[in-house]
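In: Generate a structure from the sequence data that follows.
(chains A and B)
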Amino acid sequence: MKPYRMRPGRLIAKAILALAGFLAVFPLVWTALNALKNNVDIITRVPRLVFSPTLANISYILGRDSVLTGLCNSVVACGSAVLIGVALGLPAAYAVARYPNRFAGDIQFFVLSLRFLPPVAVAIPLMVIWLQVGLYDTLPALIVTYSLLTISVIMWLAIPAFQGVPKEIEEAAFVDGYGAYSVFWRIALPVAARSLIGAIAFSFVLVWNEFLIALMLSSSNAKTLPIVASELSQQGMNVPWGILNASVVLLSLPPLLFLGVLSGFLNSVFRQKKS
Amino acid sequence: MSAIVCSHVDKAYGATSVIRDLNLSIEEHEFVVFLGPSGCGKSTLLRMLAGLEDISGGEVSIGGKVVNDLDPGDRGIAMVFQNYALYPHMTIFENIAFGLKRQKVPAAEIRKRVEAVSRTLGLDPYLGRKPTELSGGQQQRVAIARAMIKTPKVFLFDEPLSNLDAKLRNHMRVEIARLHQALKTTTVYVTHDQLEAMTLADRIVLLKDGVIEQIGSPAEIYRRPGNLFVAGFIGTPNMNFIEATVSRAENGWTLNGARTVISIEGRGFDLQHGERAVLGIRPPDLKTASGDAGGNLLLGTADLIEFHGNDALVTFGSGGKEISALVPARECPELRAPVRYAFDEESIHLFDVSTGMSLRKRAN
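Out: Residues are numbered from 1 along each chain as shown, chains lettered A, B, ... in the order given. Modelled structure (predicted):
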């Protein structure tokens, strides 16, 4: 009797899920399709699913120097910031998680508070600082600034990940004769790896998509891809929708690639060598 | 030479004192069990031996060497944890070999020793698997293998069986006992299970609130509990306690309490006229008495009967006290029938009411 009565409820639930899935995926699919359309096919009153595809938008995007520079800047700035975030953030998170002192709580709060502030409140002072230092509109300025974000996000997410590693496992390694650093490398990192990958990926996506700070810290040389992409829509009355969509696709690919590569890479690093 | 010596050992977390002025020496090849209720400091003491907790005061030496400031890896110990603490990302082989790798033992020898140890513990089929693919008992065996392979001076076990189900626990207990017979490695074993303590230990160290209540062989602790706490903690079912007033009589002493008068010769005890004492009798020491039997008797009406198989635990009210007797099942009375139980003077224990200390004369 019960499954029979459950049926309408399940149907409704599935319908809602399907609708939510559609809402999430459709704009992405539509953007990808639009990137392959001529402008005529995009601005038509009746949306077209069947059209003659063109690579003109994509080749236009890839052919523009500003886009390639932006892509380069984005990859270097975000990549370096994530590397710095990993190199400094993970050990810091481990220290806070495993060797808490009286400042541990304050450190955690401070790290989190960097994300509480409205980005403008952070961006304006940073802009002034970099102008004074003479590094305004350079990649190093962007890398250092983004490192602040990646370190804080990685720490924030990695502290609970390290706390989730059973303490006895680390103690067993101490009894086996290993020191604190070996325990971090050989036990804590691999055991927490799954959650840490998430933390690192999240920090990458965050800085990759970052717009406001990049906008305020760059005028020409250090522009990142989101800035360049947004500029494409400001070229007069006639909005080049196809080109805009193509740039969005270009913008979305690296984080996806990064996620795939990163998870595969970390898996292979921490898989024990067969002796 | 003693394998482990603790002298005046203290442990405090801030203002809270967990272990106070503890003195203990453990002989070589001995199997010592730290037993006590939860929170008595037994695990803390073990972790101090292992080097996982700082020693707040006093001195701990292992194998004649003071180890207070040595890292766990340099103390010549191996430890088995309650939740096994296997390295989840390594295979069973790597788990067992991890300690040897640190000691820079050549790979060929590591392989030989891991294979030997895993054969002893029946682990050879699982060497390539990950810990999560093993059952609880197998994981515990891996943890023991990991400890064994280092051929330590001392084995430390921290409640190793409490995560296993009852049947497996019995099985592993026997395995640990066999292992100790074979290896003769000095062992310190923490448990709150008195059955484990009684069956495994050469000596039991009974702890309460960070203080040693009594040290002795299982038989000593069972037969001659040094105080009320030990008497109440050791033995299942629990010892019966009856408060009584001691008075001198013609041929010895009488104990007057719970509306019964008990006469004893009292040669084994230090008694004083008029003092208050606690009389302790273990339930198995109460024997069913025939209708015309004389001597010391406890009378009452059976109000609860628990059938244990061979035996039955009869609980009866006597002078406002609940008393239990463990009798052979065939002697089991009807519920609410009057019962009479006799006991020998040899089987009684007497304690001072105020201090709780045993009133038994010290053996010279």
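In: For the closest residue to A:Phe162 other than its chain neighbours, which residues are in contact?
Out: Of all residues beyond its chain neighbours, the one nearest A:Phe162 is A:Ala97 (3.8 Å), with distances taken as Cβ to Cβ, 6 or more residues apart in numbering or on different chains. C-betas here are computed from N, CA, C, even on glycine. By Cβ atoms under 8 Å, 6 or more residues apart in numbering or on different chains, A:Ala97 lies in contact with A:158-160, A:162-163.
In: Give the buried residues for the host helix or strand of A:Ala97.
Out: Per DSSP states H and E, A:Ala97 falls inside helix A:90-98. Of the residues in helix A:90-98, A:90, A:92-98 count as buried by neighbour count, 16 or more other Cβ atoms under 10 Å in any protein chain shown.
In: Quick check: next helix or strand after it?
Out: Per DSSP H and E, the first helix or strand lying C-terminal to helix A:90-98 is helix A:104-116.
In: so that following helix versus helix A:90-98, what angle?
Out: Here helix A:104-116 points in a direction 130 degrees away from that of helix A:90-98 (axes from the mean of the first three to the mean of the last three Cα atoms, to 10 degrees).
In: Remind me what helix A:104-116 packs against, helices and strands.
Out: The contact analysis (3 or more Cβ pairs under 8 Å, 6 or more residues apart in numbering or on different chains; DSSP states H and E) places helix A:104-116 against helix A:90-98, helix A:139-163.
In: just checking, next helix/strand downstream of it?
Out: Sequence order places helix A:119-133 as the next helix or strand after helix A:104-116, per DSSP H and E.
In: List the neighbours of that next one that are in contact with it.
Out: Outside helix A:119-133, the residues touching it (Cβ under 8 Å, 6+ apart) are A:114, A:136, A:138, A:141, A:145, A:212-213, A:216-217.
In: Taking those together, which two end up most distant?
Out: A:Leu114 and A:Thr138 (22.1 Å; Cβ to Cβ).
In: Excluding chain neighbours, give the residue nearest to the residue of the stretch 51-200 of chain A found nearest chain B in space.
Out: In the stretch 51-200 of chain A, the residue that lies nearest chain B is A:Gly177 (3.0 Å; Cβ to the nearest Cβ). Leaving aside its sequence neighbours, A:Gly177 sits nearest to B:Gly73 (Cβ to Cβ, 6+ apart; 3.0 Å).
In: Test my guess that the one you found contacts A:Phe174.
Out: Yes: judged on Cβ atoms under 8 Å, B:Gly73 makes contact with A:Phe174 at a distance of 6.5 Å.
In: Of the contacts of A:Ala97, which is the nearest to A:Ala18?
Out: Of all the contacts of A:Ala97, A:Ala18 sits closest to A:Pro160, with 33.3 Å by Cβ to Cβ.
In: can you give me the helices in chain B?
Out: Remark: helices assigned in chain B by DSSP state H are B:42-50, B:92-102, B:107-120, B:136-148, B:166-183, B:194-200, B:218-223, B:228-233.
In: Give the bridge partners for the residue lying closest to B:His349 once chain neighbours are set aside, please.
Out: Spatial nearest neighbour of B:His349, excluding adjacent residues (Cβ to Cβ, 6+ apart): B:Gly280 at 3.7 Å. Beta-bridge partners recorded for B:Gly280 (DSSP bridges): B:Phe241, B:His349.
In: mind listing what B:Gly280 touches?
Out: Contact partners of B:Gly280, counting by Cβ under 8 Å, 6+ apart, are B:225, B:228, B:231, B:239-242, B:348-351.
In: What residues does the stretch 51-200 of chain B have near chain A?
Out: B:51-52, B:71-74, B:77-79, B:81-83, B:85-91, B:94, B:98-99, B:102-103, B:107, B:146, B:150 (Cβ under 8 Å from any Cβ of the partner chain).
In: For PyMOL, what selects the buried ones among these?
Out: Only the buried entries of those go into this PyMOL selection, using 16+ other Cβ under 10 Å:
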select buried, chain B and resi 51+52+72+73+77+78+79+81+82+83+85+86+87+89+90+91+94+98+99+102+146+150
